[in-house]
Structure formats: structure tokens, C-alpha cells
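Trainee: just coords:
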């Protein structure tokens, strides 16, 4: 197994639930026809060896994310939930199409996983692929995988009912920021998320 293939498997076992084939190509090969062909062949070989699974599902187009739509930290004013909700609603109106994606096999989770198995749900494919896009943005910016803790790996003693898509930690393992990809969230849901995270003085961002 090549090093970049192991990186993909470790990411799927721990950090994200799914990756689209274009995400794989752009991150570990190149965003070209050649890179996409190489990524597709490599993923097919890993599937044939039992390391991952390839499926297709309806999902809205995955757009490359450059920065959060909103960031908040303790001491700042309460965000404008109505405005943010309108932005998210408009984004969620894009048409869905069939998308190929990969996810970790039980074998990969046993060998490379460090916690609970990722929960892959076809009904959440648009959301989960965009959480992966946020992860890849942080990865490109130099964030180590050990500093990204996905929702599926939050500690059992997580103090809130609200569970963000991921949290970021420092070198000592202290959580300092929550990360959420915003779906078609009404203002009430955004306000509830804010109330929960601000109650423990945890900074957060919505992409």
C-alpha cells in the first residue's frame, strides 16, 4: 500500500465519513483528467482489496470552501441568525445529482480507526461531503489530523446535547473551536447551536 493510499484510509477511518472521487483526486493526485483517472483506479483497487467501498448517491454539488460563513468567539456579539439562515437556505436550493463517493470498510476501521466507526447515511450525503470539504481545507492549511476530532469521535462525556460536525484541539488535546457545516438551518436551530456552544464558552464557526 502506498503512503497516500494509507492517508486516505486513515482519514476515512477517523476524520470524515465519506470522500467524493473528485475530492480524492484533487487532494492526493491532481485536479486534472489524469489525476481523476488515477484516483478512480486507485480507489477501485482498494475496494477490490477490501479496504473501502464505493457507492453512488444523490448529493448537491460539492463546492470548494475557502473560509467560514460566520465565526464567533466568547465576548463577541450574538450572530445574525436570520441573515445566516437566508444564506444557508439559498445554498441548499441547488439541484442534486448522482455522485460517487468512498467510505471505509470494516477492515479499515479495525486496522486504522481510533474510535467509533463513522456513521455513513445516504440521506446526509450532501452534508457529509461538505464536512469533508471543510476538513480538506484545514488539511491544506496545515492542520494535523490529530487536531481534528470528528463528531463520531467526540468523547462520550461530551457535555452538550448539540454535537458539532467536528472540534479542533491543541497539542495538549484541549478543545478550542467547534466546526459546523450549515445545511438548510432555520434561525431557531442556529440560535440553539449558539446557545449550547456559548454556554461552555466554546468558539465556533459555520461554513
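Mentor: Everything's here; your move. Because the structure is a prediction, the values reported are computed rather than measured. Residues are numbered from 1 along each chain as shown.

Trainee: Residue 198 belongs to a strand?
Mentor: No. Counting by DSSP: H, G, I helix; E, B strand; the rest coil, residue 198 is not part of a strand but helix.

Trainee: What segments of this structure are strands?
Mentor: Under the criterion DSSP state E, the chain contains strands at 19-20, 52-59, 70-72, 97-104, 148-150, 166-169, 175-180, 203-206.

Trainee: Can you lay out the ones you listed as TSV showing distance to residue 6?
Mentor: Where C-beta positions appear, they are placed from N, C-alpha and C, glycine not excepted. Putting the strands of the chain into TSV (distance: least, CB to CB, whole Å) gives the following:
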stretch	distance to residue 6
strand 19-20	14
strand 52-59	12
strand 70-72	33
strand 97-104	12
strand 148-150	17
strand 166-169	21
strand 175-180	24
strand 203-206	29
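
Trainee: center of the chain, which residue is that?
Mentor: residue 131 (2.4 Å; CA atoms, centre = their mean).

Trainee: Low-confidence stretches in the protein?
Mentor: Within the chain, no range satisfies pLDDT under 70.

Trainee: Tell me how far residue 204 lies from residue 168.
Mentor: Applying CB to CB, to the nearest Å, the value for residue 204 to residue 168 is 10 Å.

Trainee: Looking at those two, which one has more neighbours?
Mentor: Using other CB atoms under 10 Å as the criterion, residue 204 and residue 168 rank with residue 204 on top: 22 against 18.

Trainee: Could you verify my assumption that residue 10 touches residue 145?
Mentor: Yes. Shown here, residue 10 and residue 145 form a contact pair, counting by CB atoms under 8 Å, at 7.0 Å.

Trainee: Give me the neighbour count for residue 197.
Mentor: 21.

Trainee: Confirm for me that it is in contact with residue 161.
Mentor: No. Using CB under 8 Å, residue 197 is not in contact with residue 161; the gap is 11.4 Å.

Trainee: OK, contacts around residue 57?
Mentor: 98-99, 101, 122, 125 (CB atoms under 8 Å, 6 or more residues apart in numbering).

Trainee: if we can go back for a sec, need the contact list for the residue nearest to the centre of the chain.
Mentor: Here residue 131 is in contact with 16-17, 150, 165-166, 181 (CB under 8 Å, 6+ apart).

Trainee: now do 6 Å
Mentor: Contact analysis of residue 131 by CB atoms under 6 Å, 6 or more residues apart in numbering lists 165, 181.

Trainee: and if you look at residue 47?
Mentor: Residues counted as contacts of residue 47 (CB under 6 Å, 6+ apart) are residue 54.
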